[in-house]
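# any chance you can model this:
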Amino acid sequence: MLVTGSSGNAGREVLREAARAGLPVRPTHRPGASSDEGSVPFDFADPATWDRALDGASSVFLMRPPPIADMKTTLVPFVAAARQAGIGRIVFLSVIGADTARWVPHHAVETALMAGPADWTILRAGFFAQNLQDAYRKDIRDRDRLHVPAGRGRVAFVDLRDLAEVAVAAAQDRIPAGQAHVLTGPRAITFDEVAAELSRALGRKIRYRPAAMLPYLLHLRREGRPWMAAIIQTYLHVGLRFGQAGTVSPAIPDLLGRDATPIGEYIARSTAIWQRD
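Here you go, the predicted model:
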């Protein structure tokens, strides 16, 4: 299984789950960057790196790097190259709403997959529990706050370990091809409730501070996020106010035969991430 984005949160969980399931993997790294043994250089913007990465792979875990917004010259032709190389299953990490939101970059990739043979599985993920260790980490660790423009919206956070288990099951043909699945956690909760879970686990008070849209966008830019990534992240959080991530999907229990992981369980196993010392 070729794993794109293997150095990120989702990619790392896919690598771990694949190892547990006995599925051979091929991690990727950016050309010129340091790499682990067995990793291959790969860049969506450089088609010259694609053949080596795809050679001999039976499946692909495909995800869009946040800095890449132009799908027509990157992920869409890569899908065609993967099919030409004889890849048996393309597992694409998409986002909730990409099927109807044409401006979201993931929409173009979904369209390209669906236009071809049924050799794909689309995972439309809700908000990751692991956002707490990534996008929200500095605010939690350094400022004892959650600071997002989500209002009082509820979110069914999905644990990336659950997503990785579904992705690997799809790559091993244990899940039928040609289907899209919405992946969420078991319960929709407010950010006030997330802050309470963090407070209990960390032993100090974490507060939720709702942000306004424009100040949050500028906050992301000051933190170094590219403009497109910052706009998408702001848009998705504002959508939470209107229930866009509040619906709980039965996909994980249906596909894995067990309950999805609650966010409190993820927080309890990850407390070191938010400790100051």
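
# rest of the way, CA atoms for contacts and neighbours
OK.

# which residues of the stretch 1-150 of the chain fall in strands?
For the stretch 1-150 of the chain, the strands defined by DSSP state E, counting those that start in this stretch cover 2-3, 26-29, 40-41, 59-63, 89-95, 120-125, 145-146.

# now mean neighbour count too, for these, in TSV please.
Supplementary listing: the strands of the stretch 1-150 of the chain in TSV, determined by neighbours: other Cα atoms under 10 Å:
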stretch	mean neighbour count
strand 2-3	26
strand 26-29	21
strand 40-41	18
strand 59-63	24
strand 89-95	24
strand 120-125	24
strand 145-146	22
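
# out of the ones you listed, which comes closest to residue 176?
With distances scored as Cα to Cα, the stretch of the strands of the stretch 1-150 of the chain nearest to residue 176 is strand 120-125 (8.0 Å).

# which residues are in contact with that closest one?
With Cα atoms under 8 Å, 6 or more residues apart in numbering as the contact definition, strand 120-125 has outside contacts at 89-98, 110, 113-114, 158, 163, 167, 170, 177-184.

# buried subset of those residues?
A residue is treated as buried here by neighbour count (16 or more other Cα atoms under 10 Å); on that basis the buried members of the contacts of strand 120-125 are 89-98, 110, 113-114, 158, 163, 167, 170, 177-178, 180-184.

# got the end-to-end distance for stretch 57-66?
24 Å (Cα to Cα, to the nearest Å).

# typo on my end, it should be stretch 152-166
So stretch 152-166: terminal residues 30 Å apart, Cα to Cα.

# and that stretch, which residues are buried?
For stretch 152-166, the neighbour count (16+ other Cα under 10 Å) marks 153-166 as buried.

# show me those residues that map onto strands.
154-155 (DSSP state E).

# now, which of the buried residues of stretch 152-166 sits nearest residue 106?
Using Cα to Cα, residue 163 comes nearest to residue 106 of those, at 17.1 Å.

# which non-adjacent residue is nearest that closest one?
Using Cα to Cα, 6 or more residues apart in numbering and skipping residues adjacent in sequence, the residue nearest residue 163 is residue 183, 7.1 Å away.

# show me the contacts for that neighbour.
Contact partners of residue 183, counting by Cα under 8 Å, 6+ apart, are 123-126, 158, 163, 249-252.

# out of those residues, which comes closest to residue 20?
When these are compared for distance to residue 20, the smallest value, 14.3 Å, is given by residue 163; criterion: Cα to Cα.

# ok, now how distant is the closest one from residue 154?
Using Cα to Cα, we find residue 163 at a distance of 20 Å from residue 154.

# and the helices in the stretch 101-250 of the chain, which stretches?
105-114, 137-143, 160-171, 191-202, 213-222, 227-240 (DSSP state H, counting those that start in this stretch).

# identify whichever of those lies nearest to residue 274.
That would be helix 137-143 among the helices of the stretch 101-250 of the chain, by Cα to Cα, at 4.6 Å.

# packing partners for the closest one?
On a contact count with 3 or more Cα pairs under 8 Å, 6 or more residues apart in numbering; DSSP states H and E, helix 137-143 meets strand 145-146.

# buried ones in stretch 269-277?
Residues of stretch 269-277 classed as buried: 270, 274 (neighbour count, 16+ other Cα under 10 Å).

# now that stretch, how far from the centre of its chain.
Here stretch 269-277 is found 21 Å from its chain centre; the criterion is Cα atoms, centre = their mean, to the nearest Å.

# same check on stretch 46-59?
22 Å.

# can you check stretch 148-158 too?
If you compare the mean C-alpha spot of stretch 148-158 with that of the full chain, they lie 16 Å apart, counting by Cα atoms, centre = their mean.
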